[in-house]
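Colleague: Attaching a predicted model along with its sequence, questions to come.
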Amino acid sequence: MEFALIFPLFFLIFYAIVTYSIIFAAKQSLALAASEGARAALKFQPNATSAASALTLRASAACATATGLVNWIATTTPCTATYAPCTFDASMQCVKVSLNYDYGSKPLVPVLPLIGLPTPTTLTANAMVQLNPENLF
């Protein structure tokens with residue numbers, strides 16, 4: 001009798017721990033993927049003929065690396081890699097890698113009916129790398 005009364009509470013606590021652990025792991029995976037994507041933007045792009053094409057190739061390499069690392073979360077995690085002059089040093093170029101996962105519409109753990117644990121609607125991660133214009137191509 002006591003087990004029947006206590007089990008729902010223990011199950012809810014266990015389910016909350018598992019849910020938030022998986023959300024935390026997904027967030028950490030997005031952060032790692034964004035930073036690795038930013039590091040991939042540092043690699044030399046041999047096919048570049050101008051600074052703009054070099055930055056475009058570096059941005060696409062950054063997104064390709066980042067999305068390859070988060071394929072366990074979803075096959076379609078939107079990645080955005082933008083480049084612009086750095087705000088803190090206008091002579092340098094910065095590449096910013098952003099990853100977003102819509103957790104509200106595609107949760108990794110099913111939501112318990114009638115309980116509705118508060119979970120985030122989106123998981124995001126950003127990373128930025130500074131590039132020297134002399135070494136772009």
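Modeller: Yep, that arrived. Because the structure is predicted, anything quoted here is derived from the model rather than measured.
Colleague: Let me see the ranges of the strands in this protein.
Modeller: 79-85, 93-102, 122-131 (DSSP state E).
Colleague: out of the ones you listed, nearest to Leu69?
Modeller: Leu69 lies closest, by C-beta to C-beta, to one member of those: strand 93-102, at 9.2 Å. Using the backbone N, CA and C atoms, a C-beta is placed for each residue, glycine as well.
Colleague: related to what we said a few turns ago, can the strands of the chain go into a markdown table with extra columns for distance to Ile73 and mean pLDDT?
Modeller: Below are the strands of the chain laid out as a markdown table (distance: least, C-beta to C-beta, whole Å; pLDDT from 0 to 100):
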| stretch | distance to Ile73 | mean pLDDT |
| --- | --- | --- |
| strand 79-85 | 12 | 88 |
| strand 93-102 | 6 | 91 |
| strand 122-131 | 8 | 92 |
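Colleague: Reformat those strands into JSON lines and put distance to Leu112 next to each item.
Modeller: Output for the strands of the chain, formatted as JSON lines (distance: least, C-beta to C-beta, whole Å):
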{"stretch": "strand 79-85", "distance to Leu112": "31"}
{"stretch": "strand 93-102", "distance to Leu112": "20"}
{"stretch": "strand 122-131", "distance to Leu112": "20"}
